[in-house]
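Undergrad: missing the sequence, but the structure's below:
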């Protein structure tokens with residue numbers, strides 16, 4: 001017992017400076033963060049993804065002090081199975097990575113990366129183009145304003161063919177987004193974007209969004225209005241109209257709650 005007591009005392013003495021060193025150790029040059037969102041529905045680039053039904057979404061992000069980052073994000077969807085009766089597809093998975101940094105004293109920033117949208121589908125028709133899509137993107141921002149350009153490098157974008165049945169590689173999305181902090185936990189945002197489907201004018205459109213957020217301590221509540229000029233159920237070529245005659249590009253109000261992990 002004496003030997004045990006002496007040994008414990010010695011260990012304790014030598015542990016003190018080690019603990020002090022540990023407390024003063026520099027922070028890790030990287031971070032892992034997570035998020036989860038509950039939304040009244042999922043709208044992406046102005047187009048409904050859940051046909052008006054609620055969505056649960058979440059993801060994880062890795063960021064390094066050097067500027068490199070990577071992440072995974074997912075949400076429930078219904079548009080694939082709604083548009084292709086007999087198939088089963090209820091989830092979207094986004095995998096992305098890139099590099100971002102600031103310049104000109106920190107007021108300006110840029111972001112370069114690649115993003116892949118994955119839609120696991122069962123019973124998928126062999127003669128139908130798969131919706132999986134990969135884009136590369138570049139963005140430049142000034143304080144609260146960001147201009148971003150995304151270009152498709154996979155053979156197709158979200159399952160769209162050209163008007164002649166060819167591939168839609170090099171389709172693009174250009175968007176300008178402003179996000180402003182009002183203080184007191186309040187924020188406002190405005191967005192305009194244009195989705196161009198290569199060689200398919202009927203599927204190309206412009207979308208708009210106005211919104212506000214409020215940090216309520218436990219998380220952030222968001223409310224926004226989204227609308228598009230996309231060809232829908234009442235047009236001659238109703239591209240964004242599902243088999244249930246639902247207009248997927250019509251103006252919608254979305255309520256959400258996001259919690260950072």
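TA: Received it, and whenever you're ready, just let me know what you need. If you're wondering where the values come from, they're calculated on a predicted model, not measured in any experiment.
Undergrad: can you give me the strands in the stretch 51-200 of the chain?
TA: 55-64, 68-76, 91-103, 108-118, 133-142, 145-152, 172-183, 186-196 (DSSP state E, counting those that start in this stretch).
Undergrad: need the ones you listed in a markdown table (columns: distance to residue 238 and mean neighbour count).
TA: The way it works is simple: take the backbone N, C-alpha and C, and place the C-beta from them, glycine included. Shown next, in a markdown table, are these (distance: least, C-beta to C-beta, whole Å; neighbours: other C-beta atoms under 10 Å):
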| stretch | distance to residue 238 | mean neighbour count |
| --- | --- | --- |
| strand 55-64 | 24 | 16 |
| strand 68-76 | 25 | 17 |
| strand 91-103 | 23 | 15 |
| strand 108-118 | 23 | 16 |
| strand 133-142 | 22 | 17 |
| strand 145-152 | 23 | 17 |
| strand 172-183 | 21 | 14 |
| strand 186-196 | 16 | 17 |
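Undergrad: got CSV for the ones you listed, with distance to residue 237 too?
TA: Shown next, in CSV, are these (distance: least, C-beta to C-beta, whole Å):
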stretch, distance to residue 237
strand 55-64, 28
strand 68-76, 28
strand 91-103, 25
strand 108-118, 24
strand 133-142, 22
strand 145-152, 21
strand 172-183, 20
strand 186-196, 15
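Undergrad: can you say which of these is nearest to residue 261?
TA: strand 55-64 (8.2 Å; C-beta to C-beta).
Undergrad: partners of the residue nearest to residue 140 when sequence neighbours are not counted in the sheet?
TA: Excluding the flanking residues, the one nearest residue 140 by C-beta to C-beta, 6 or more residues apart in numbering is residue 110, at 5.1 Å. In this structure, residue 110 bridges to residue 101, residue 140 when assessed by DSSP bridges.
Undergrad: tell me the contacts of residue 110?
TA: For residue 110, the contact set (C-beta atoms under 8 Å, 6 or more residues apart in numbering) comprises 100, 101, 103, 138, 139, 140, 141.
Undergrad: and residue 203, which of the strands of the stretch 51-200 of the chain is closest to it?
TA: Nearest of these (C-beta to C-beta): strand 186-196, 8.0 Å.
Undergrad: now do the contacts for residue 98.
TA: 68, 69, 70, 111, 112, 113, 114, 137.
Undergrad: where's it relative to residue 183, distance?
TA: From residue 98 over to residue 183 the distance is 30 Å, taken as C-beta to C-beta, to the nearest Å.
Undergrad: no further questions, thank you.
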